[in-house]
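In: generate a structure from the sequence data that follows.
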Amino acid sequence: MSGLLSALGRKKVIDLPAVEDSRLNRCLGTFDLTMIGVGSTLGVGLYVIAGEVTRQEAGPSVLLSFTLAAIVSALSAVCYAELCCRIPKTGSAYTFIYVTAGEFLAFAIGWNMLLELIIGAASVGRAMSQYIDLMFENRLSGWLADLVWWWPKSADFLIGQYPDILAFFVVILITVVLLLGVRTSSNMNSLFTGLNLLVLSVFIIFGIFYIHPYNLTTPDGFFPFGISGMLSGAASCFYAFVGFDSIAAMSEEATDPARSLPTAILATLVICYVCYIACSGVLVLVLPYNQIPAEATLAAIFTLSDFPAVKYVIDVGATCALLASIVGSLLPVPRIIYAMANDRLLPPAFGEVSSKETPATALVVAGVLAALLALVIDLQGLVEMMSIGTLMAYGMVAASVLLVRYNPEFVGLSPEECGQLQSGSNALFNPVSESSTSDVYQPSSAERDLLEIDESTQPTEESYANVKMCLFLVCIQMAVLAPWLMQRMPHIIHGSAIDVVVVTLLAIGVSSLTLFIASQPTRKRDETAFSTPMVPILPLLAIFFNLCLIARLQALTWVRFAVWITLGLGVYFGYSIRNSNLAFNPADPIGNYKPINPLY
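Out: From the prediction side, this is the model:
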């Protein structure tokens, strides 16, 4: 039994030779990574979610919904940014968790991320097909429905009312382009994303001529659905910012990961927030919230204007944005499969790299699966099966930051190796001037006083054990508090005694444990090019808000999760646990693997 527990918790080691040992093409700069992040984020969120949230949940207060969602997203983004500096290996959250929390949790997160990213690509393909169908006044869907007359029209639970052939071929075409290499893929993504940003600028400029400030408060005020509607809208808008994990998955293909990755992640968040606020602002100022069209929202408002031709420009932008979103959804999938195959948690065949330095086998498998899902599954069914893996990954990455910062041993690249990367003495990355180290964020005395951290002391094994135990306990309490708040909020507002007592006790417990963690010695923040500020408060807030969003998920999402994780457990205990690189030589997890004693 002890051997089994040891196997579940064994951790991967990352050092400079492991970073150098890559078969992928290291050619992406900060601009490329930023465009990948913006492209994967600024698609469905803007052309679909913004209109739906405004019309059904928040009204004009959607501006506050996007602001709150951006703040919550930033909590996870800064955690990703730090771990990208420390662990610049492909795999995103899977690799981060493998290094910090252990193999089993890493496999579970990676396994769920794979399905969600594939479902994401399929759902965007289906959404793009429906958008094009709207451009042709639903003639395409009618023609397909007549063509496949034998398709079961009544089977509308998950199964679409007709096979979406256009979505299938779009996803397959994108997959073929991605096989040409990451440089070609990045250029194509940058083209689509650039056109989308240009079209959004046109929308904002032309929209300014039709704004009516009184629409912010009429007909039902700025909060037509109340504060609760604004908060519900913020939860929906959060998914409009999901995409920066695509940047983290490209770590091995970044020329200067220690600086480009965190810069691209934060730049993506800022660019997308500005676009969401500007376009939503135009939307709610041009039309009253209850008159906003249900479909093709941004384009439809120009059909009533003096510039109806702008509608077609917006349609082009929407198509480019959705194509870029498919690229952004598919790009990380083969990288995660590649990372898991290299670690032997999946068969090594999935880790094969083509002459274009692309994980081709994994990409073909992911692309075909996404295309088949887009062909058969209804869009709403696809959307309802998403989210839980992403939210769990975000929460675990935030916890990983705490495990890194309170660990007595440096995790990832050592301070000396980070210095080599920043000074350019390592030829692997683009040179960076020595003066760039002055840009590293330094903790203020006020922050040290707030968290009561003495940075002159180093963490010990005892303090690290205390932090791990407290982190486990605080996550348990948050896992109870978050759904309680989500489900019982009306009763809490109305003063239900039992609800108030339960929430108060849980809040006290969470606060006490947070203060105890903050009192423990932590590593210095100038060890990497970017460090998460206000540890442990910001990572714990990220965990809490992600748990709140998990508590709001639909039952179908949990059913999908249960089925998929059951399959994953079969794969892990039937194959991965015995074939993992660390099962052969955990003392040398990045060297030459030689069989040692069996696990059990």
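In: which SSE is residue 533 in?
Out: Residue 533 belongs to no helix or strand when elements are defined using DSSP states H and E.
In: count of residues packed around it?
Out: Using other C-beta atoms under 10 Å, residue 533 has 14 neighbouring residues. Quick note: C-beta positions are derived from backbone N, CA and C, even for glycine.
In: for residue 139, same thing?
Out: Based on other C-beta under 10 Å, the number of other residues close to residue 139 is 10.
In: ok, residue 33 next?
Out: 30.
In: doesn't it belong to a helix?
Out: Yes. Counting by DSSP: H, G, I helix; E, B strand; the rest coil, residue 33 is found in a helix.
In: got the contact list for it?
Out: Contacts for residue 33 (C-beta atoms under 8 Å, 6 or more residues apart in numbering) come out as 247, 250, 254, 260, 261, 264.
In: so residue 298 makes contact with residue 315?
Out: No. Using C-beta atoms under 8 Å as the test, residue 298 is too far from residue 315 to be in contact (9.2 Å).
In: more crowded one of those two?
Out: residue 298 (26 against 19).
In: what helix or strand does that one sit in?
Out: helix 297-300.
In: contacts for that helix next, please.
Out: Residues outside helix 297-300 that contact it (C-beta under 8 Å, 6+ apart) are 46-48, 50-51, 203, 279, 283, 293, 311-312, 314-315, 318.
In: okay, now stretch 347-360: how far is its last residue from its first?
Out: 14 Å (C-alpha to C-alpha, to the nearest Å).
In: can I get the contacts of residue 33 in JSON lines including distance to residue 178, neighbour count and secondary structure?
Out: Formatted as JSON lines, those follow (distance: C-beta to C-beta, whole Å; neighbours: other C-beta atoms under 10 Å; DSSP: H, G, I helix; E, B strand; the rest coil):
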{"residue": "247", "distance to residue 178": "16", "neighbour count": "35", "secondary structure": "helix"}
{"residue": "250", "distance to residue 178": "12", "neighbour count": "27", "secondary structure": "coil"}
{"residue": "254", "distance to residue 178": "17", "neighbour count": "27", "secondary structure": "strand"}
{"residue": "260", "distance to residue 178": "21", "neighbour count": "26", "secondary structure": "helix"}
{"residue": "261", "distance to residue 178": "20", "neighbour count": "28", "secondary structure": "helix"}
{"residue": "264", "distance to residue 178": "19", "neighbour count": "30", "secondary structure": "helix"}
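In: nearest to residue 479, of those residues?
Out: residue 247 (28.3 Å; C-beta to C-beta).
In: would you confirm that that closest one contacts residue 265?
Out: Yes. Here residue 247 reaches residue 265: they are 5.4 Å apart, a contact under C-beta under 8 Å.
In: pLDDT weak spots in the stretch 351-500 of the chain?
Out: 379-386, 413-456 (pLDDT under 70).
In: tell me where it has strands.
Out: Ranges of strands within the stretch 351-500 of the chain: none, based on DSSP state E, counting those that start in this stretch.
In: quick one: the nearest residue to residue 349 once chain neighbours are set aside from residue 164, how far?
Out: Using C-beta to C-beta, 6 or more residues apart in numbering and skipping residues adjacent in sequence, the residue nearest residue 349 is residue 361, 6.1 Å away. Note on residue 361: its distance to residue 164, by C-beta to C-beta, to the nearest Å, is 26 Å.
In: neighbour count for those two, which is higher?
Out: Set side by side, residue 361 and residue 164 show more neighbours around residue 164, with 29 against 20, by other C-beta under 10 Å.
In: who's in contact with that one?
Out: Residue 164 is in contact with 125, 126, 129, 144, 374, 375, counting by C-beta under 8 Å, 6+ apart.
In: I'd like to know how far the residue nearest to it when sequence neighbours are not counted sits from residue 165.
Out: Once flanking residues are discounted, residue 164 sits nearest to residue 129: 5.1 Å by C-beta to C-beta, 6+ apart. Using C-beta to C-beta, residue 129 is found at 9 Å from residue 165.
In: those two - which one has more neighbours?
Out: Neighbour count, other C-beta under 10 Å: between residue 129 and residue 165, residue 129 has more, with 25 against 15.
In: remind me which helix or strand the more buried one belongs to.
Out: helix 103-135.
In: what is the distance between that helix and the centre of its chain?
Out: Chain-centre distance of helix 103-135: 11 Å, with C-alpha atoms, centre = their mean, to the nearest Å.
In: can you check stretch 566-574 too?
Out: So, by C-alpha atoms, centre = their mean, the centroid of stretch 566-574 is 24 Å from its chain's centroid.
In: report the rounded mean pLDDT for that stretch.
Out: The average pLDDT for stretch 566-574 rounds to 94.
In: got a list of contacts for that stretch?
Out: Contacts of stretch 566-574 (C-beta under 8 Å, 6+ apart): 104, 107, 108, 111, 112, 345, 346.
In: quick one: which of these is nearest residue 410?
Out: The nearest one, if we look at those relative to residue 410 and count by C-beta to C-beta, is residue 104, at 23.6 Å.
In: what's near enough to touch that closest one?
Out: 7, 8, 9, 572.
In: can you put those in JSON lines and add distance to residue 235 and secondary structure?
Out: Below are these laid out as JSON lines (distance: C-beta to C-beta, whole Å; DSSP: H, G, I helix; E, B strand; the rest coil):
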{"residue": "7", "distance to residue 235": "37", "secondary structure": "helix"}
{"residue": "8", "distance to residue 235": "33", "secondary structure": "helix"}
{"residue": "9", "distance to residue 235": "33", "secondary structure": "helix"}
{"residue": "572", "distance to residue 235": "32", "secondary structure": "helix"}
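In: pick out the lowest-pLDDT one from those.
Out: Where pLDDT dips furthest among these: residue 7, at 82.
In: helices of the stretch 251-400 of the chain, residue ranges please.
Out: 257-286, 297-300, 310-330, 332-342, 360-376, 379-384, 388-405 (DSSP state H, counting those that start in this stretch).
In: correct me, but the residue nearest to residue 349 touches residue 348?
Out: No. With contacts counted by C-beta under 8 Å, residue 361 stays clear of residue 348, the gap being 10.0 Å.
In: I'd like to know how far residue 394 sits from residue 336.
Out: In terms of C-beta to C-beta, residue 394 sits 15 Å off from residue 336.
In: ditto for residue 530
Out: The value you get for residue 530 to residue 336, if C-beta to C-beta is used, is 23 Å.
In: comparing the two, which residue is more hemmed in?
Out: residue 336 (27 against 23).
In: next one: the more buried one, what pLDDT does it get?
Out: 94.
In: just residue 3 next, same as before
Out: 73.
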